[in-house]
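*Asks:* predicted structure and sequence below. I'll ask about it afterward.
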Amino acid sequence: MSNALKDLLFKMADDALVIGHRNSEWTGIGPMLEEDLAFSSMAQDKIGHAQALYKILNEVLGEADADTLAFKREEKQFKCCQFVEQPIGEYDFSIVRQFLFDHAELIRYDMLTQSSFQPLAQLAKKVKGEIKYHVMHADSFVKQLGNGTEESKARLQSSLNYAWHLALGIFEKSEFENELISKNIFAGEDELKKRWLEKTTPIIEAANLKVPATDESKIIYGGRKGFHSEYLKPLLDEMCEVVRTDIDAEW
Amino acid sequence: MQVEIPEITEQQIWSALETVKDPEIPVISVVDMGMITAIQLRTSDFGLRTCSITMTPTFVGCPAIAVIKKNIREEILKLGFDEVEVKVDFETKWTSDRMKTSAKIKLEKFGLAPPVMLNDDELTVEQLNRARCPHCHSTDTTLRSAFGSTLCRAIRFCFSCKQGFEQFKPI
């Protein structure tokens, strides 16, 4: 059971760490001050969530400490989906990604409040309340921009089309999927994806945008198994740059 | 000669904790915030006195946690314990409803609109918008950003006194 749990926690923690790093790239260059603050705050939240998940891996499941897990692993060992690795691009892509990713996160944590693994269930109850704010933020901008000018609508739709098959990669299953479900640890990626589609579709429609058609063959999988896009390695190099200057330094 | 060791009561610990403030909101103590969830006292067979305090963080990624832990430990050690341990866990979930009414009054005086009671309901935009301006007490205010200078704050604007103000987020 502990390998299944580790797999689940690593993919969630790595998603949070990497998207947190991407969010932090908006610090100082947001399109307006409020958005600069929003992405910076969400970055701080996400990295906090990653830290709490790594802490469970460390304290309950015997993995190394959070800093080691975050900064001293190889690219191949990361289990994040390729969606979170993508560069921030222009604001329209970042807000669309935030919308698609955070809805999935909110539902995932909501499902995990029922988990038979108590440390995760407790954390999920707490994190859910925080991600609610991230989702509110995304929903409000997606609705405003989708119903805004011709340009804002076109930009949002084209980012949504581009992001769609990447986003579906969030729900990539691992070899432990059945075990997680049968042991009531997590109700599974299919259930999550179903609820995610039910939740996001009406918001996309309310924003006057079209839900992109899904082509199963185009879904970007691989991240959960350690196969990453060309963007993860440079991100890790930058994130770990200071640590690597003196790997054994005490901070 | 036997030395009498005066007993340290739980009440003394609560009083000492009242002096430990949240570094991001220096008018409010960790007790007012409802962050302390358990206190355990122990005297070992050899007379060593230890105290274990459990706290639950307001936000998972709150950067003030380490400072608060350190401040609690230092303050409680002063009471005469041989060892003080401060644990952080989520067993009891922190919500803004845990904040005492007296703390909410202090918050407003400090210039932060206090959070409304959620009573375990899911947060809605309507609940977030039930905020009054801490300067002029008008409720004619609007949300400018759900994210502010710290994780626990949102930015609002008051149409009545034309001032921006911060709100402690209901969570």
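*Replies:* Cool, got the structure.
*Asks:* care to break chain B down by domain?
*Replies:* When chain B is parsed with automatic domain parsing, its domains come out as B:10-88, B:100-168.
*Asks:* and stretch A:192-199, anywhere near chain B?
*Replies:* No: counting by C-beta under 8 Å from any C-beta of the partner chain, chain B is not contacted by stretch A:192-199; separation bottoms out at 13.0 Å. Where you see a C-beta, it was placed from the backbone N, CA and C, and this is true even at glycine.
*Asks:* and that stretch, how far from the chain's centre?
*Replies:* The chain centre lies 15 Å from the centre of stretch A:192-199; the measure is C-alpha atoms, centre = their mean, to the nearest Å.
*Asks:* can you map out the helices along the chain?
*Replies:* All of this refers to chain A. Secondary structure of chain A (DSSP state H): helices located at A:2-24, A:33-59, A:66-71, A:82-85, A:91-112, A:118-146, A:150-167, A:177-182, A:189-206, A:232-239, A:241-245.
*Asks:* sorry, I should have been clearer: chain B.
*Replies:* Assigned by DSSP H, the helices in chain B fall at B:10-17, B:65-77, B:101-110, B:125-128.
*Asks:* reformat those as CSV; add mean neighbour count.
*Replies:* What follows is the helices of chain B, written out as CSV (neighbours: other C-beta atoms under 10 Å in any protein chain shown):
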stretch, mean neighbour count
helix B:10-17, 15
helix B:65-77, 17
helix B:101-110, 15
helix B:125-128, 14
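*Asks:* lowest mean pLDDT across those helices, which one is that?
*Replies:* With a mean of 87, helix B:125-128 has the lowest mean pLDDT of the helices of chain B.
*Asks:* state the number of residues packed around the nearest residue to residue A:27 once chain neighbours are set aside.
*Replies:* Nearest residue to residue A:27 in three dimensions, chain neighbours excluded: residue A:40, at 4.5 Å (C-beta to C-beta, 6 or more residues apart in numbering or on different chains). Neighbour count for residue A:40, taken as other C-beta atoms under 10 Å in any protein chain shown: 18.
*Asks:* got the residues of chain B near chain A?
*Replies:* Residues of chain B lying near chain A by C-beta under 8 Å from any C-beta: B:59-63, B:89-91, B:93-95, B:122-123, B:125, B:128, B:144-149, B:151, B:155, B:169, B:171.
*Asks:* if we can go back for a sec, for residue B:100, which of the helices of chain A is the nearest?
*Replies:* The closest of those to residue B:100 is helix A:118-146. By C-beta to C-beta, the value is 19.4 Å.
*Asks:* tilt between the closest one and helix A:91-112?
*Replies:* 150 degrees (axes from the mean of the first three to the mean of the last three C-alpha atoms, to 10 degrees).
*Asks:* and helix A:118-146 with helix A:150-167, angle?
*Replies:* Using the same axes, to 10 degrees: helix A:118-146 against helix A:150-167 is 150 degrees.
*Asks:* picking that back up, among the residues of chain B next to chain A, name the ones in strands.
*Replies:* Among those, the members falling in strands are B:144-145, B:155 (criterion: DSSP state E).
*Asks:* okay, the residues you listed in CSV with distance to residue A:235 next?
*Replies:* CSV is the format used below for those (distance: C-beta to C-beta, whole Å):
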residue, distance to residue A:235
B:144, 31
B:145, 27
B:155, 30
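*Asks:* close to chain B: what parts of the stretch 1-150 of chain A are there?
*Replies:* Contacts of the stretch 1-150 of chain A with chain B, taken as C-beta under 8 Å from any C-beta, map to A:34, A:37-38, A:40-42, A:44-49, A:51-52, A:122-123, A:125-127, A:129-130, A:132-133, A:136-137, A:140.
*Asks:* show the buried residues in these.
*Replies:* Neighbour-count burial (16 or more other C-beta atoms under 10 Å in any protein chain shown) applied to the residues of the stretch 1-150 of chain A next to chain B gives A:34, A:37-38, A:40-42, A:44-49, A:51-52, A:122-123, A:125-127, A:129-130, A:132-133, A:136-137.
*Asks:* just put the helices of chain A in TSV and tack on mean pLDDT.
*Replies:* Shown next, in TSV, are the helices of chain A (pLDDT from 0 to 100):
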stretch	mean pLDDT
helix A:2-24	98
helix A:33-59	96
helix A:66-71	96
helix A:82-85	98
helix A:91-112	98
helix A:118-146	96
helix A:150-167	98
helix A:177-182	97
helix A:189-206	98
helix A:232-239	97
helix A:241-245	92
